[in-house]
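Enquirer: Here is my input, please return the structure:
(2 chains, ligands or ions: 2)
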Amino acid sequence: MTLTRQQGAAGHGNLSTPLIETRGIFKSFGGIHALEDVAVQLMPGEVLALLGHNGAGKSTLIKMLSGAYTPDAGQVLMNGQEVQLSSPRAAQLLGIETIYQNLALADNLDVAANIFLGRELLRGGVLDEDTMELEARKVLDRLKVNLPDLRKPVFNLSGGQRQCIAISRAIYFKARVLIMDEPTAALGPQETAQVNELIQSLKQEGVGIFLISHDMHDVFDLADRVTVMKNGRVVGSSPTSDITQDEVLEMIIAGKLPRGQAASS
Amino acid sequence: MQRVGTTAVSRVPVMTRLGLDSRLIFMVLAIAAIWIVFHLLTNGIFLTSRNLWNLSVQTASVGVMVSGMVLIIVMRNIDLSIGSILGFTGMAMAVINSRIFPDDTWWGAALTLLLGLALGALVGVIQGTWIARLGVPSFIVTLGGLLIFRGGAWLLTSGQTVAPLSDSFQILGGGLNGSIGGPWSWTVGLVLMAVILVSDLRTFQQRAKRGLPNRSVLVQAGFTGAMLLLVLGFVLVMNGYADPRSGLPRGIPVPVLVMLAVTAIMMWVVRATRFGRYVFAYGGNPEAARLAGINTTRLTIMVFGLMGLLAALAGAIQTARLNAGTNSTGTLAELSVIAAAVIGGASLSGGSGSIPGAFLGAVLMASLINGMLLLDLPSAWQNVVQGLVLMLAVTLDVVVQKRRVK
Ligand SMILES: Nc1ncnc2c1ncn2[C@@H]1O[C@H](COP(=O)(O)OP(=O)(O)O)[C@@H](O)[C@H]1O
Ligand SMILES: [Mg+2]
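Expert: Ligands and ions are numbered 1, 2, ... in the order given. Got it, this is the predicted structure:
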């Protein structure tokens, strides 16, 4: 359903129109240029890995896309049309869902309240707790997450369970673009495998996914393409099938394209 | 008291299993203990209808404000200005009532109150805007407010006391005609009991029907039954105190009715509205709230506006009770209110707090003061005891938290 809608918006289901695209994004904090002339593109159903050292600007870029920061200059286009991501709410309304690096959950609220935070279901103007609990149960069941009591604060849940809550939020609200900032960094191997499986199935549904990860193995398993950043600039992009892990590492470290590799973004 | 605390701690898992809040139960027990001790110490004066009626009126002012303070503290803020806002708006209402509406009419009193409430809300909104938009810590802004509005209360009349107020306005204070009488008290009590019964029953049935977990029937029945008995007992006590002039039962005092209404509404706000949900979300994780698209600036402003409104309501109650506007009304009230909120479970690190808990905190503090007054203790002791109770309550909390982490 999501897919048909975006194809409709793109005109004739033109597969060469990116689902989301940035052009010439600049952002600085005080004197630090966190992003300089950044252009990235994401196709429907594509998993794009964003790579780079700490401080390369990855988190800043995705916060721009999720409406948490506004760019100093540049454009964001969805299906070829410019959009204003002026607030998290604006991004959510366009179908951009974000799973943040620091797991943005309110520890003192229960599972259902966290999934629906900011977009609570209402009935007669008041919170419809029961329906939210039921819907939360449904979406968690879909993810095969077993949480016995959804009315307990998320305070003492494991990293994996918390991550699943963040992901179910994106799924419930039918993300078209899903941004995951190091989604498995805090997880054990089993939980990581579960999240990776989830990424695959969302991809099947036509969701575009930005994946920030330091695990080169996961990146090559999941991503169709990698984009490498350094010091706020895009070094280059390449399909994972055209590049080796060593070449990617070289791009990250040296900040330039490996010899014999043409920029193919 | 400490021993009671230890047993409460070891009972925590059972309570959770029964779906009861151990803190509320503990506070009820603590209040019961205080009442019994004072009853014995005062040779049977404390637990009389007359004294409990007085106690309820004495609780009203703090009780009206404390639910607002819970929201402020949950949002990782503090409001030190409420005692001064109380005094300032109280003085303003005294001036309005005696100079603009000198004739005794119900609408004159109502307009006085409305203007006072609007003034309180406005003051709160200004402070909240200062805090949220300019990023100045609430401690500083409201400390400034404490000084400014206390000074403002003096400046309104150059320090002169304004009296008397119209009879209609005095009703708010619970004075001579300030109670609703026997029949109306029963009406209020029965309506309240019906509401409790119906809403508990419906919630239980609906959750059962949709396959959602519930408390066990027995526990729910016990809980609902206890609430009904509480209301019944309350009405009986309030009607047990007769008016010496007419010999008729006084019934529920108007300020107590106001306090109960405010508490009930605030409990509903926290449980059933987005606003209440967002206050707690912000307290738990301000960044998460912002990223979830919540307008946290507006939220902060609204909470401080609400606090100002409640402080003005308390100002109306105290001014009406005194039958005079004075520039010292409400001095140090902020400290009693903060203490009651904290005793009731509000944590200054944010994210946790409870309206019913804070209400019980207000009852507990008022009980201590009332008992000490009956015992004729010098008022210096009241401060000492209040301070000690506050420290004890927080210490207990810290100990409990530590155990839970282990
Ligand atoms: N809110 C902020 N204030 C000031 N500097 C920031 C802020 N966010 C990011 N930066 C700076 O911008 C640069 C890029 O950071 P970031 O996007 O977090 O990188 P990454 O996620 O790739 O590690 C860093 O130099 C960082 O210090
Ligand atoms: Mg980062």
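Enquirer: Skipping its backbone neighbours, what lies nearest residue A:100 in space?
Expert: residue A:181 (5.6 Å; CB to CB, 6 or more residues apart in numbering or on different chains). Using the backbone N, CA and C atoms, a C-beta is placed for each residue, glycine as well.
Enquirer: Tell me the confidence at the one you found?
Expert: If you check residue A:181, the pLDDT there is 89.
Enquirer: do the same with residue B:11
Expert: pLDDT at residue B:11 comes out at 40.
Enquirer: do residue B:402 as well
Expert: So, for residue B:402, pLDDT stands at 77.
Enquirer: who touches the residue of chain A most remote from its centre in this structure?
Expert: Note on chain A: the largest C-alpha distance from the chain mean falls to residue A:124, namely 33.5 Å (CA atoms, centre = their mean). Contact analysis of residue A:124 by CB atoms under 8 Å, 6 or more residues apart in numbering or on different chains lists nothing.
Enquirer: So which bits of the stretch 51-200 of chain A are right by chain B?
Expert: Residues of the stretch 51-200 of chain A lying near chain B by CB under 8 Å from any CB of the partner chain: A:66-68, A:87-89, A:92, A:98, A:100, A:102, A:104-109, A:113, A:117-120, A:122, A:126-127, A:130, A:133-134, A:149, A:151.
Enquirer: cutoff 6 Å now
Expert: Applying CB under 6 Å from any CB of the partner chain, we find that the stretch 51-200 of chain A lies next to chain B at A:68, A:88-89, A:92, A:104-109, A:117-118, A:120, A:126-127, A:130, A:133.
Enquirer: Out of the residues you listed, which end up buried?
Expert: A:68, A:88-89, A:92, A:104-109, A:117-118, A:120, A:127, A:130, A:133 (16 or more other CB atoms under 10 Å in any protein chain shown).
Enquirer: Max pairwise distance over the residues you listed: which two?
Expert: Spatially, the most separated pair among these is A:68 and A:130, at 31.5 Å (CB to CB).
Enquirer: Now do the SS call for residue A:238.
Expert: Using DSSP: H, G, I helix; E, B strand; the rest coil, the structure places residue A:238 in strand.
Enquirer: burial measure for the closest residue to residue A:95 other than its chain neighbours, as a count.
Expert: Leaving aside its sequence neighbours, residue A:95 sits nearest to residue A:176 (CB to CB, 6+ apart; 3.5 Å). Using other CB atoms under 10 Å in any protein chain shown, residue A:176 is surrounded by 22 other residues.
Enquirer: Could you do the one 3 residues further on as well?
Expert: The tally of other residues near residue A:179 (other CB under 10 Å) stands at 26.
Enquirer: again with residue B:200
Expert: Neighbours of residue B:200 using other CB under 10 Å come to 17.
Enquirer: and if you look at the one 3 residues further on?
Expert: As a burial measure, the neighbour count of residue B:203 was computed by other CB under 10 Å and equals 14.
Enquirer: what sits against it?
Expert: If a contact means CB atoms under 6 Å, 6 or more residues apart in numbering or on different chains, then residue B:203 has no contacts.
Enquirer: Got the phi and psi for it?
Expert: Main-chain torsions, residue B:203, degrees, to the nearest 10: phi -60, psi -50.
Enquirer: Against residue B:68, how distant is the residue farthest from the centre of chain A?
Expert: Distance, residue A:124 to residue B:68, by CB to CB, to the nearest Å: 25 Å.
Enquirer: ok, now residue A:194?
Expert: For residue A:194 relative to residue B:68 (CB to CB), the value is 44 Å.
Enquirer: Between those two, which has more neighbouring residues?
Expert: Each of residue A:194 and residue B:68 has its neighbours counted (other CB under 10 Å); residue B:68 has more, 29 against 19.
Enquirer: List the buried residues in the strand or helix carrying the more buried one.
Expert: Using DSSP states H and E, residue B:68 sits within helix B:49-74. Residues of helix B:49-74 classed as buried: B:49, B:51-74 (neighbour count, 16+ other CB under 10 Å).
Enquirer: And for stretch A:228-243?
Expert: A:228-238, A:240, A:243.
Enquirer: Please save the CA atoms from that stretch in PDB.
Expert: As requested, the backbone C-alpha atoms of stretch A:228-243 are provided in PDB (Å, rounded to 0.1, in the frame of the first residue of the first chain):
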ATOM      1  CA  VAL A 228      30.900   7.100   2.900                       C
ATOM      2  CA  MET A 229      31.200  10.400   4.700                       C
ATOM      3  CA  LYS A 230      34.200  12.100   6.300                       C
ATOM      4  CA  ASN A 231      34.500  15.500   8.000                       C
ATOM      5  CA  GLY A 232      30.900  16.500   6.900                       C
ATOM      6  CA  ARG A 233      31.400  15.700   3.300                       C
ATOM      7  CA  VAL A 234      30.300  12.800   1.100                       C
ATOM      8  CA  VAL A 235      33.300  10.900   0.000                       C
ATOM      9  CA  GLY A 236      31.400   8.700  -2.500                       C
ATOM     10  CA  SER A 237      28.800   6.000  -3.000                       C
ATOM     11  CA  SER A 238      28.900   2.600  -4.500                       C
ATOM     12  CA  PRO A 239      26.700  -0.500  -4.800                       C
ATOM     13  CA  THR A 240      27.900  -3.100  -2.300                       C
ATOM     14  CA  SER A 241      28.200  -5.600  -5.200                       C
ATOM     15  CA  ASP A 242      30.800  -3.400  -6.900                       C
ATOM     16  CA  ILE A 243      33.100  -2.800  -3.900                       C
END
